[in-house]
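Visitor: Curious how this folds, go ahead:
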Amino acid sequence: MHPRHLLAAFAAALVAPLALAAPASASTGGTPDGERHPNVGLLVSYTDTGRYRCSGTLVSPTVVLTAAHCTDGVDGKVAIDFDSVIAEAPPSPLPVAADVDAGYTQTELEKAGYLSGTPSTHPDYSDFTDPRNWNDVGVVVLDRPVSGIAPASIAGLGTLDRIKTSDLSKTLFTAVGYGTEVRKPDNGPQKPQPMSYPLIRRYVDMPGQKLTPQILQTNGNPNDNKGTGGTCFGDSGGPVFYQGRIVAVTSYGYTDNCRYLGGYQRVDITAAQDWLATFGL
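Guide: Model (predicted):
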């Protein structure tokens, strides 16, 4: 569930019933999404270490694509909300499980107005230990199908491999999610830091930096003249679009201020697509 060494998984812990690391323009410099990506939703769940939030994408009426570290070790059901604006300011509207050790139930989530689903984790997820077999891919299978939202499409096998190495830094990728906003606080020390609110969906454009058989890496500096920023805590599992299709999901970052390189698990590879096919994708 937790990354090792220099990597920080981009899931956001929700302290008690209210504390949330919030979105910064899909995190660090970006744009409020509105209804640009209505198929990207907020995911909230419990593990034995607390309550967390991630992002994910509806890819069929009953399946939400996300990251493995957002589904691994989850207790009970996952809450899903496709609203673009969750909360502009405290208090948190997110539901609290009646039994936090057991996690959410379908009944309590539906009563609270949320969708519910069962998480599933790629069987070869390496928990951030093996770069050659990263496999940070997960899904949430919804208890009831979603209507009124068009699912996003997953890119075909090897889509990213067709980008020339010399063109990668000139290529923009769009990440979407509910990640924490990194900015200076209203008072106190003026060092930029992840802020709790607003909790909204945002998108950001990022230039490519590196491509491996498992990972797409991008530059996430909001001052980059080629892009508008990067992803941060809470964006985990959110989609990375290229030419209108999902090529990766948000996986990790290198710094706690989310202003450097970001890592994204490819879903245009055989290891991901063979497993996703078992869900009818």
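
Visitor: Look at Gly188 and report its pLDDT.
Guide: For Gly188, the pLDDT comes out at 63.

Visitor: Can you name the element that comes right after the helix or strand of the chain with the lowest mean pLDDT?
Guide: Lowest mean confidence among the helices and strands of the chain (mean pLDDT, DSSP states H and E): strand 12-14, at a mean of 51. Per DSSP states H and E, the first helix or strand lying C-terminal to strand 12-14 is strand 31-32.

Visitor: That next one - what's its average pLDDT?
Guide: Rounded mean pLDDT across strand 31-32 is 89.

Visitor: Please apply the same query to stretch 109-123.
Guide: In this model, stretch 109-123 carries a mean pLDDT of 97.

Visitor: Ok, stretch 206-223 next?
Guide: Across stretch 206-223, pLDDT averages out at 89.

Visitor: List the buried residues in it.
Guide: Going by neighbour count (16 or more other C-beta atoms under 10 Å), the buried part of stretch 206-223 is 206-208, 211, 214-222. Where you see a C-beta, it was placed from the backbone N, CA and C, and this is true even at glycine.

Visitor: That stretch: how far from the chain's middle?
Guide: 15 Å (C-alpha atoms, centre = their mean, to the nearest Å).

Visitor: CA atoms only: put it into PDB for me.
Guide: The C-alpha trace of stretch 206-223 is given here as PDB (Å, rounded to 0.1, in the frame of the first residue of the first chain):
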ATOM      1  CA  MET A 206       2.300  18.000 -18.800                       C
ATOM      2  CA  PRO A 207       5.200  17.500 -21.300                       C
ATOM      3  CA  GLY A 208       6.600  14.000 -21.500                       C
ATOM      4  CA  GLN A 209      10.100  13.400 -19.900                       C
ATOM      5  CA  LYS A 210      10.700   9.600 -20.000                       C
ATOM      6  CA  LEU A 211       9.100   6.400 -21.200                       C
ATOM      7  CA  THR A 212       9.800   2.900 -20.000                       C
ATOM      8  CA  PRO A 213       8.000  -0.400 -20.700                       C
ATOM      9  CA  GLN A 214       5.800   0.200 -17.600                       C
ATOM     10  CA  ILE A 215       6.000   4.000 -16.800                       C
ATOM     11  CA  LEU A 216       5.300   7.300 -18.500                       C
ATOM     12  CA  GLN A 217       7.200  10.100 -16.700                       C
ATOM     13  CA  THR A 218       6.400  13.800 -17.100                       C
ATOM     14  CA  ASN A 219       7.600  17.200 -16.000                       C
ATOM     15  CA  GLY A 220       5.200  18.600 -13.500                       C
ATOM     16  CA  ASN A 221       6.500  22.100 -12.900                       C
ATOM     17  CA  PRO A 222       3.700  24.800 -13.200                       C
ATOM     18  CA  ASN A 223       6.300  27.200 -14.400                       C
END
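
Visitor: what two of the buried residues of stretch 206-223 are the furthest from one another?
Guide: Across those, no pair lies farther apart than Gln214 and Pro222, at 26.3 Å, counting by C-beta to C-beta.

Visitor: hang on, the earlier thing: distance to Val141 and secondary structure added to the buried residues of stretch 206-223, as a markdown table?
Guide: Output for the buried residues of stretch 206-223, formatted as a markdown table (distance: C-beta to C-beta, whole Å; DSSP: H, G, I helix; E, B strand; the rest coil):
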| residue | distance to Val141 | secondary structure |
| --- | --- | --- |
| Met206 | 29 | strand |
| Pro207 | 34 | strand |
| Gly208 | 31 | strand |
| Leu211 | 30 | strand |
| Gln214 | 24 | coil |
| Ile215 | 25 | strand |
| Leu216 | 25 | strand |
| Gln217 | 29 | strand |
| Thr218 | 29 | strand |
| Asn219 | 34 | strand |
| Gly220 | 31 | coil |
| Asn221 | 36 | coil |
| Pro222 | 35 | coil |
